[in-house]
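Engineer: The sequence isn't on hand, but the structure is:
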């Protein structure tokens, strides 16, 4: 029997994961932002599809919030920040594609091996969704530690949040309050990041963490 | 049975009698507040010490009546501590017995401390530090309260909190002499050892509570842990309570920290606080852990035998009076632990009457040691007050200058050397009665091993006698070795009274030991389900005739009469025909002639110990005596330098310390990483944990 609800949800979740992989090896900031926008769109679509398939209207709010904040507001704001700081042309080192794929696939394998045995009593969709979102979270963490530019670290952080929201919409019965609070915390985090980026730039004239680290008093 | 001491306890049955020590604890806390608030007032010392003496006397009386009246266990739950758990307190025979010991020690220490601090503040013996009594007063009542609270605790949480409270208040009391050079190091070592000990106890009670599912002692009693967990608990208790009691090799803090405190606090720490650690061992090993296994007792006996022999050897090496006394505490704790081990072995082999005999020996030695060790620390305090010195090599001839102290010190020294008819003898006699019953045990290793342990106890007792002959002979006999010793005078009445009470009790308990053994029989009965006199139908009250395969008995009165009948005529004869003859000595008579002002050519403390140092020091302590002889014609004096190392430091603590330092150096790198490195560490840790979970779950 073809279960279109399951397949579509699976597809959208996999799209979010795929964009996480893509985020890992983007060297230019603008292309990084574009991929991030795609990820947010896919996430928003996943939320909307869950709302439709399971007839849970409050998930539409989640979808709209994700669309408005993550697919539109944050990318636009980051674009403007990049332009005001004149770092459009920065080419930063990222992991090579081969290495990224190896690391990413191992993390996804780990997530699946971990989640599937733990959640034997849950439905198939919940289990897949949890495995996918854990993979997205881990890949976001990997991105945060493999990047040196502050902007791309912010993007890594946001993609971790995407993983959390994916888990939230996938598990039936998650109250709206949780999603709202995640959304607002992302918003606050984004504002703080923005302020900090300007402050850092103003003080150190760079956003490259390698250079900023040398300003710490105690290190050698 | 119990026909002598059934003074009516029924007056106490009407209300929950545990409230008496509770009110006493509150009073002690109030005294601590007074000690802080009025620390400048001239009357504050009298109020605090008078108050602690009164409160401790009340609690000791209460505990004595509770024991004599055979009243059962009483519990009370206070709405304090952890939410929904509260603090459970309980007084049974064992607690009452130890409360009696602790609070009696509190009475004499308060009395002596009052006189001691007045003498210190009054300018006697100036020039040796602790004139300022301010730091002592608030913590002295708190320390007493902490020890009593440990004895009353009936759940693991209350027990551990009050245990730590006791450790910290005693640590603060040690720090009250912080102006002296060695104190800070001693206090630091004490703090480390106390924390490590409490950590071990925490793990032990965690294991006990995890088996029972509850922290209350009642629940733990009903759910005996599995064999493996019980073995772990035994080891952890030996480490945790053993470090507080001073078991070798965890004793290293004790000869440093006990003497560093003011003398009456030293007496409490050495004579009383170590007994609280013994209480913890008895409570867990006999009460909470259920049916014992024979090797527990074997482990206790081995550790105890090593502790007893090593402790007295340490004591023989010391030239500092208070440090010597602290080392001798190690020896006595070893003897008590041997007796506890014997009791465990006999309990495990289902001969409860002999177990009761061994446990009675342990508890009697607890009483005895608290009496004579307090007495001897008071004597050390009196010497310190009078001469300003704790160094044996600067004392001498004090018997003429401090006659009362000298007589009391002689009683204490004879008692701790286990000479009849004093109480130390009765304790060790009982212990040997239990040891002599060892052939009744089924295990061959125990039959032979206990004989070896008995030999170790005999060796320790003989060495202890040598040690206290040395202490008494160097400090009180001969001629003064320093001007301060020559100018010493007798101490005040309060200090004399503080020493007099334990000294009199040392004699009374030695002559009439049956009373006190009958008194704590309920505690023994609760632990091993038998009394020491159970299979003897006829018990004349004056004879101490416990169960024994050999049928030995002891009568203190006859012993006293015999000793008096033999020694009094001897003394008279010597005085009549020997001492009134004028004796002439040659001009170069080893310096025992008037022109030598400091009498340095007498036996010194180090030279008195030299034979024993030669016999044991080379192997145990790696001791080296080096004599620097000047060339003929050179006028420099010859010098004897003695070097020795403590094997516990050399083989245990120094390697541990260097390992900890090495690890700390490696871990120090972590403080200076970049943010990305920290994130990487977290990420790696997360991935490793997830992988572990995945592996375990599959």
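Structural biologist: Looks like it came in fine. Bear in mind that the values here come from a model prediction, so they are computed numbers and not experimental data.
Engineer: okay, CA-based contacts and neighbour counts for the rest of this
Structural biologist: Will do.
Engineer: Grab the longest helix from the chain for me.
Structural biologist: All of this refers to chain A. Ordering each helix of chain A by length in residues (DSSP state H) puts helix A:176-204 first.
Engineer: not what I meant, chain B
Structural biologist: From DSSP H, the single longest helix across chain B is helix B:352-387.
Engineer: Could you point out the helix or strand that follows it?
Structural biologist: Heading C-terminal from helix B:352-387, the first helix or strand you meet, by DSSP states H and E, is helix B:398-401.
Engineer: How far off centre is that following helix?
Structural biologist: Distance of helix B:398-401 from the chain centroid (Cα atoms, centre = their mean, to the nearest Å) equals 28 Å.
Engineer: Show me what counts as buried in the following helix or strand past it.
Structural biologist: Sequence-wise, the next helix or strand downstream of helix B:398-401 (DSSP H and E) is helix B:403-416. By 16 or more other Cα atoms under 10 Å in any protein chain shown, the buried positions in helix B:403-416 come out as B:404, B:405, B:406, B:408, B:409, B:410, B:411, B:412, B:413, B:414, B:415, B:416.
Engineer: Just the pLDDT for the closest residue to the last one other than its chain neighbours.
Structural biologist: To tie it back to what came earlier, the one meant is residue B:416. Nearest non-adjacent residue to residue B:416, counting by Cα to Cα, 6 or more residues apart in numbering or on different chains: residue B:424, 5.5 Å away. According to the prediction, residue B:424 has pLDDT 93.
Engineer: now residue B:424: how far from chain A?
Structural biologist: 63 Å (Cα to the nearest Cα, to the nearest Å).
Engineer: quick one, whatever helix or strand that residue lives in and helix B:352-387 angle?
Structural biologist: Using DSSP H and E, residue B:424 falls within helix B:423-436. Helix B:423-436 runs at 150 degrees relative to helix B:352-387, counting by axes from the mean of the first three to the mean of the last three Cα atoms, to 10 degrees.
Engineer: Measure how the next helix-or-strand element following helix B:423-436 sits relative to helix B:352-387, angle-wise.
Structural biologist: Downstream of helix B:423-436, the next assigned helix or strand under DSSP H and E is helix B:444-476. Interaxial angle, helix B:444-476 versus helix B:352-387 (the same axes, to 10 degrees): 20 degrees.
Engineer: which strands and helices sit next to helix B:444-476?
Structural biologist: Packing partners of helix B:444-476 (3 or more Cα pairs under 8 Å, 6 or more residues apart in numbering or on different chains; DSSP states H and E): helix B:294-317, helix B:321-348, helix B:398-401, helix B:403-416, helix B:423-436, helix B:605-608.
Engineer: Pick the most deeply packed of the ones you listed.
Structural biologist: Of all the helices and strands packed on helix B:444-476, helix B:321-348 has the most neighbours on average by mean count of other Cα atoms under 10 Å in any protein chain shown, namely a mean of 29.
Engineer: what mean pLDDT does that one have?
Structural biologist: 95.
Engineer: ok, now stretch B:620-638?
Structural biologist: On average, stretch B:620-638 scores 83.
Engineer: quick one: contacts of it?
Structural biologist: The contact list for stretch B:620-638, computed with Cα atoms under 8 Å, 6 or more residues apart in numbering or on different chains, reads B:613, B:617, B:618, B:639, B:640, B:641, B:642, B:643, B:644, B:645, B:646, B:647.
Engineer: Check stretch B:170-185 too.
Structural biologist: Residues from elsewhere that reach stretch B:170-185 (Cα under 8 Å, 6+ apart): B:129-130, B:135-136, B:139-140, B:143, B:187, B:190-191, B:257-258, B:260-262, B:265, B:269.
Engineer: From those residues, list just the buried residues.
Structural biologist: B:130, B:135-136, B:139-140, B:143, B:187, B:190-191, B:257-258, B:260-262, B:265, B:269.
Engineer: Chain A: which of the residues you listed is nearest?
Structural biologist: Closest approach between the buried ones among the contacts of stretch B:170-185 and chain A, by Cα to the nearest Cα: residue B:191, at 31.5 Å.
Engineer: tell me, which of the buried ones among the contacts of stretch B:170-185 make contact with chain A?
Structural biologist: Within the set of those, contact with chain A (Cα under 8 Å from any Cα of the partner chain) is found for no member.
Engineer: Check the residues you listed and tell me the two furthest apart.
Structural biologist: The most widely separated members of those, counting by Cα to Cα, are B:130 and B:191 (20.9 Å).
Engineer: In the stretch 1-150 of chain B, which residue sits nearest chain A?
Structural biologist: In the stretch 1-150 of chain B, the residue that lies nearest chain A is residue B:83 (30.1 Å; Cα to the nearest Cα).
Engineer: Next, find the distance separating residue A:84 from chain B.
Structural biologist: From residue A:84 to chain B the distance is 26 Å (Cα to the nearest Cα).
Engineer: Now do the contacts for that residue.
Structural biologist: By Cα under 8 Å, 6+ apart, the contact list for residue A:84 is empty.
Engineer: and the residue of chain A nearest chain B?
Structural biologist: Relative to chain B, the nearest point of chain A is residue A:114 (4.4 Å; Cα to the nearest Cα).
Engineer: Count the residues that sit near residue B:185.
Structural biologist: For residue B:185, the neighbour count with other Cα atoms under 10 Å in any protein chain shown is 15.
Engineer: list the buried ones in the helix or strand that contains it?
Structural biologist: Following DSSP H and E, one finds residue B:185 within helix B:183-212. Using 16+ other Cα under 10 Å as the test for burial, helix B:183-212 gives B:183-184, B:186-187, B:189-191, B:193-209, B:211-212.
Engineer: helix, strand or coil for residue B:90?
Structural biologist: Under DSSP: H, G, I helix; E, B strand; the rest coil, the three-state class of residue B:90 is strand.
Engineer: my bad, residue B:76
Structural biologist: strand.
Engineer: so what's the residue nearest to it when sequence neighbours are not counted bridging to?
Structural biologist: Using Cα to Cα, 6+ apart and skipping residues adjacent in sequence, the residue nearest residue B:76 is residue B:89, 5.3 Å away. On the basis of DSSP bridges, residue B:89 is bridged to residue B:76, residue B:153.
Engineer: Near chain A, which residues of chain B? Just list them.
Structural biologist: B:672-674, B:676-677, B:679-680, B:683, B:690-691, B:693-694, B:697-698.
Engineer: and the one residue in the stretch 501-650 of chain B that gets nearest to chain A, how many neighbours?
Structural biologist: Nearest residue of the stretch 501-650 of chain B to chain A (Cα to the nearest Cα) works out as residue B:649 at 36.6 Å. By the criterion of other Cα under 10 Å, residue B:649 has 15 neighbours.
Engineer: List the contacts of it.
Structural biologist: Going by Cα under 8 Å, 6+ apart, residue B:649 touches residue B:252.
Engineer: and what of residue B:363?
Structural biologist: residue B:336.
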